[in-house]
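Asks: curious how this folds, go ahead:
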Amino acid sequence: MEVKDTKKWLCEFSVKKLVEEDLTEEKVVDGQLAKVTTKVKRVKPIKCSLLKPSGRMLDKGETFYAKMFADYIRAGLLSVAQVSKRYINDGGPFSDEERKRLEGLIAMKDNLAMDYWNVERGEEKPENPEERKKEIIESLMKVQKDIESIKNPYAENYKETAEYKAREKTINWWTVTLLHAEGPDGILKPMFTAKEDEEKTDQLHAFYEDRTAFDTEVYRKGIYLVSAWHSGVKVNDAEQLKSAEESYQLEFSDYSPEEDLKKDLEKASKAAKEAEPAKVEPTAVT
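Replies: Reported below is the predicted structural model:
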């Protein structure tokens, strides 16, 4: 299914890809002007997007989550409420010092988020708004890391709950359902074509077994944005998702096709030098 209407996109982003293309130039060959075509490699931004889900799709997503949650409960996993109850009975997971520090960090995070939106809406007008927003995002990331450093030792217990496992499956379900990438013809097309849930699972497994570095980066960025959208009460705000994309680039992405291109060029240069005939120095004849 091809989707051309830009109103149907939840957000758009791009991922760089190392591509090989034909380059045609006019050159003089044997005294005559001729068109010569050679293969060249370059880094090209590929347009990607997440489809804006319809009401029917949202209903399907909620049904999928409910089914996954029920399956995990039947399999014997505890719910978040059950794990939390155990913590309450034991006096809670955090010490008084940890709780106070956590409350302070959460308040700091809320204030930073408010600062960001004040700049975004023009209520705060710094000399360089984009630089100010970047500073706020970096501060937010640092505060979030500090929060996670306190929560993580206890969060592992919650990762084994039915809700957490069902949410993981649902985020993947949404990514497979919404993710599109630009094809060779320049048209955005679904990265996954499966319609039924079981087919989506099979196609995702096949993807993991036969993916390129570019495919991996598209999916990683896609699932990060889907997670941000899903956690943010499913808002359709492209600006908020743009901020999430910036956070992904700063904190998580280590993908660099430019480095791959540089290595390829160095390899080709070395091979060309090795292929050159050795120069023979003239010797005197007596």
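
Asks: which is the next helix or strand following the helix or strand encompassing S149?
Replies: Per DSSP states H and E, S149 falls inside helix 129-158. Counting by DSSP H and E, the element after helix 129-158 in chain order, helix or strand, is helix 162-178.

Asks: let me see the domain layout of the protein.
Replies: According to automatic domain parsing, the chain is divided into the following domains: 1-18+47-79+161-260, 80-158.

Asks: ranking those by mean pLDDT, which is last?
Replies: Looking over the domains of the chain, mean pLDDT reaches its minimum on domain 80-158, with a mean of 80.

Asks: and that domain, how far out from the chain's middle?
Replies: 21 Å (Cα atoms, centre = their mean, to the nearest Å).

Asks: need the distance between the two termini of that domain.
Replies: Distance between the boundary residues of domain 80-158 (Cα to Cα, to the nearest Å) amounts to 7 Å.

Asks: circling back to that earlier point, in TSV: the domains of the chain, plus mean neighbour count and distance to K41.
Replies: Yep, even glycine has a C-beta here, placed from its N, CA and C like the rest. Conversion of these to TSV gives the following (neighbours: other Cβ atoms under 10 Å; distance: least, Cβ to Cβ, whole Å):
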stretch	mean neighbour count	distance to K41
domain 1-18+47-79+161-260	16	6
domain 80-158	14	31
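
Asks: out of these, which is closest to Q32?
Replies: Within these, the stretch nearest Q32 is domain 1-18+47-79+161-260; the backing value is 33.0 Å (Cβ to Cβ).

Asks: the protein: strands as residue ranges?
Replies: Ranges of strands within the chain are 9-29, 32-51, 179-182, 188-190, based on DSSP state E.

Asks: quick check, central residue of the protein?
Replies: Compute the mean C-alpha point of the chain, and by Cα atoms, centre = their mean the closest residue is K221, 0.9 Å away.

Asks: returning to that earlier point: out of the domains of the chain, flag the one nearest T38.
Replies: With respect to T38, and counting by Cβ to Cβ, the nearest of the domains of the chain is domain 1-18+47-79+161-260 at 16.7 Å.

Asks: that closest one: how far from the chain's middle?
Replies: 9 Å.

Asks: what's the answer for stretch 152-161, then?
Replies: Centroid separation between stretch 152-161 and its chain, computed with Cα atoms, centre = their mean, is 23 Å.

Asks: cool, and stretch 34-41?
Replies: Centroid separation for stretch 34-41 versus its chain: 34 Å, with Cα atoms, centre = their mean.

Asks: then it to PDB, C-alphas only?
Replies: Taking only C-alpha atoms (Å, rounded to 0.1, in the frame of the first residue of the first chain), the coordinates of stretch 34-41 have been written out as PDB:
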ATOM      1  CA  ALA A  34      31.900  10.400 -25.300                       C
ATOM      2  CA  LYS A  35      29.600   9.800 -22.300                       C
ATOM      3  CA  VAL A  36      31.300   7.700 -19.700                       C
ATOM      4  CA  THR A  37      29.300   6.100 -16.900                       C
ATOM      5  CA  THR A  38      31.000   5.000 -13.700                       C
ATOM      6  CA  LYS A  39      29.800   3.700 -10.300                       C
ATOM      7  CA  VAL A  40      30.200   6.100  -7.400                       C
ATOM      8  CA  LYS A  41      29.400   5.700  -3.700                       C
END
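
Asks: hang on, the earlier thing: of the strands of the chain, which approaches K169 most closely?
Replies: Closest to K169 of those is strand 179-182 (Cβ to Cβ; 15.8 Å).

Asks: who are the packing partners of the closest one?
Replies: For strand 179-182, the contact count by 3 or more Cβ pairs under 8 Å, 6 or more residues apart in numbering; DSSP states H and E identifies strand 32-51, strand 188-190, helix 213-231 as packing neighbours.
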